[in-house]
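Q: Build me a structure from this.
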Amino acid sequence: MTSSVLEAAANLHQGKLNHSVVCQLLENPKFAELTRQIALYQEGVLASGVAAQNQMYNSMSSLMLEHGQANPEDMSAVRGAVQEAQALKRPVYADEIENITRNFRQLLAEMKQNGPERVKQTAALTKQKLSEITKVLPRQKSGLQLRPEGIMGMLSAALNQITVPEEYQAELGEATDQLKQAIWNYMNTTYNIQMEMNAHHKRNPLPDDSERKS
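A: Residues are numbered from 1 along each chain as shown. The predicted model follows:
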């Protein structure tokens, strides 16, 4: 066994690779075809054929130009033929990369499984949680009264719906806490500013139109 095979086996054994994803890849016929394409890309098999074809067009162009130089009356037609020959050339690796990328995307689409349904379920659950929270928010005659704690409750409910694999939960939890604190500081500051402005307007009301006219 080569060192790369041993390292791959060690990564799988140590849990560095997702077992479920690896199994799905190995079971999918498109993955076998994808590995074959990547191997050909690494070895330059197809690229060498494209390079040889491009060189053939270059050589043909050189011969035609040599003929045009020896026969000036044909030079106009030669230039047109050379342009057509050069237009047939292709980027050496472009087609391979495009095919590999397309097949990989198709493979991912087949592996997606319940991804879209999970997205819908998470959105629906978040909507339900936020609806439950908004029902208990304080209301006055003027309508719904949003305070920082109410808004934070809704945001926290939404953030808590985000799920990640267990090995990333601690990192996500720390990031979520930092985000909540930053949002709370912002909302609390803007709320206090608004309350101070409202109090100022009550203490110093603007004159109405009749007072201004008099």
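Q: which residue ranges form the helices in this protein?
A: Chain-ordered helices for the chain, with DSSP state H as the definition, fall at 3-13, 19-27, 29-43, 45-70, 75-87, 94-111, 115-135, 148-159, 166-203, 209-213.
Q: and the nearest residue to residue 57 once chain neighbours are set aside, how many residues sit next to it?
A: Leaving aside its chain neighbours, residue 57 sits nearest to residue 85 (4.7 Å; criterion: C-beta to C-beta, 6 or more residues apart in numbering). C-beta here means a position set from N, CA and C on the backbone, and glycine is covered the same way. Residues near residue 85, counting by other C-beta atoms under 10 Å, number 16.
Q: For residue 85, list the residues it contacts.
A: 57, 60-61, 64 (C-beta atoms under 8 Å, 6 or more residues apart in numbering).
Q: Looking at these, which is nearest residue 179?
A: Lowest distance from residue 179 to the contacts of residue 85 (C-beta to C-beta) belongs to residue 57, with 57.6 Å.
Q: isn't that closest one right up against residue 88?
A: Yes: with contacts counted by C-beta atoms under 8 Å, residue 57 reaches residue 88, the gap being 5.5 Å.
Q: more crowded one of these two?
A: Comparing residue 57 with residue 88 by other C-beta under 10 Å, the one with more neighbours is residue 57, at 17 against 11.
Q: that older thread, restricted to buried residues, select the contacts of residue 85 in ChimeraX.
A: The ChimeraX command for the buried members of the contacts of residue 85 (criterion: 16 or more other C-beta atoms under 10 Å) is given here:
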select :57,61,64
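Q: Nearest to residue 173, out of the contacts of residue 85: which one, please.
A: residue 57 (59.9 Å).
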